[in-house]
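Visitor: One predicted model, sequence on top.
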Amino acid sequence: MLKTLFLPLCFALVLGMMASCVNQAENKATEKEERSSGETVVEEQVDPSLTVSVDGIEGENIDTVQFKEYVFFSQSVPETVKARMQGKSMKDEARIGYDELRYLTVYHYDFEGHIQRGELVCNRAIAHDLLCVFRDLFAESYPINSIRLVDDFDASDEASMQANNTSCFNYRTVPGTSRLSRHAFGMAVDVNPLQNPFVRGERVRPATAKDYVDRTKNFEHKIDKDDYCKKTFSSYGFRWGGDWRNSKDYQHFEKR
Ligand SMILES: [Zn+2]
């Protein structure tokens, strides 16, 4: 009895989530068209080497959201990606398995305004929301320096942050404590960490971000409460580290 109810319920839930996601994208597209009405609209050239059609996506547990030709998708972590992660972001003693994680392919504008393909590993519980978040940021041409796995930096959070890399999963503790970070469960994302450091007293992470500690200053790529990235994450139920009381983590968005 439970089983016969469970499957249709899941199906309805997934359909509902997809519909809500699609509606927001459509609204955004309309807003953009209205805003640019009267101006000359330059049709953007799509680089075919970047994009992949929905039919061309291989893997298990595929989920997609789309903006124009760009298909943002999640899948079970492929074996090739597991090989990159094992012993780096994924530790032998980890209290989370690959089956609880998803591998995401997303698109973003870099700081030079070029479209780039990015990759993330996150908890399957937030995979769909993250696809929607990054799709919305892309639709708004929100600049993100790079989105690569922390494994490309030997799973060093400091190295990834100094490279101004946006990332999610990393099985690690909160620095200076023995407490596991929300990143250890793939439930937190750090965005443009160089301009949006972690600050607690005199401590700044990354160490190279001292110029960006004073949040009353104006500079590019600053995430504050009015920032589009912050608003987008909030609209999908993520909490922002800039709202914390004792320390500030301006790059950090997480779900409980
Ligand atoms: Zn973080």
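Guide: It's in. Residues are numbered from 1 along each chain as shown.

Visitor: what's the nearest residue to Arg215 if we skip its chain neighbours?
Guide: Excluding the flanking residues, the one nearest Arg215 by C-beta to C-beta, 6 or more residues apart in numbering is Asp224, at 6.6 Å. Every residue, glycine included, has its C-beta placed from N, CA and C.

Visitor: Can you verify that neighbour is assigned to a strand?
Guide: No. Assessed with DSSP: H, G, I helix; E, B strand; the rest coil, Asp224 is coil; it does not lie in a strand.

Visitor: ok, it touching Lys248?
Guide: No. With contact defined as C-beta atoms under 8 Å, Asp224 does not reach Lys248; the gap is 10.9 Å.

Visitor: Find the residues that touch each one of these two.
Guide: 215, 242 (C-beta atoms under 8 Å, 6 or more residues apart in numbering).

Visitor: Looking at these two, which has the bigger crowd around it?
Guide: Using other C-beta atoms under 10 Å as the criterion, Asp224 and Lys248 rank with Lys248 on top: 19 against 12.

Visitor: Tell me who's in contact with that one.
Guide: Per C-beta under 8 Å, 6+ apart, neighbours of Lys248: 198-200, 215, 241-242.

Visitor: In stretch 62-76, which residues are buried?
Guide: Judged by neighbour count using 16 or more other C-beta atoms under 10 Å, the buried positions of stretch 62-76 are 63-65, 67, 70-76.

Visitor: Stretch 228-243 now?
Guide: Residues of stretch 228-243 classed as buried: 229-230, 232-233, 236, 238-242 (neighbour count, 16+ other C-beta under 10 Å).

Visitor: contact partners of that stretch?
Guide: The set of residues external to stretch 228-243 that reach it, using C-beta under 8 Å, 6+ apart, is 129, 132-133, 136-137, 140, 142, 189, 191, 196, 198, 223-225, 247-256.

Visitor: Around the ion, which positions in the protein sit nearby?
Guide: Within reach of the ion by C-beta under 5 Å from the ion, the chain has these residues: 188, 190, 252.

Visitor: Show the backbone phi and psi for the first one.
Guide: As for Ala188, its main-chain torsions (degrees, to the nearest 10) stand at phi -140, psi 150.

Visitor: my guess is it contacts His252, does it?
Guide: Yes. Assessed by C-beta under 8 Å, Ala188 is found in contact with His252 at 6.0 Å.

Visitor: What score does the closest residue to Glu220 other than its chain neighbours have for pLDDT?
Guide: What sits nearest to Glu220 in space, not counting adjacent residues and going by C-beta to C-beta, 6+ apart, is Gln195, at 7.1 Å. Model confidence at Gln195, given as pLDDT, is 98.
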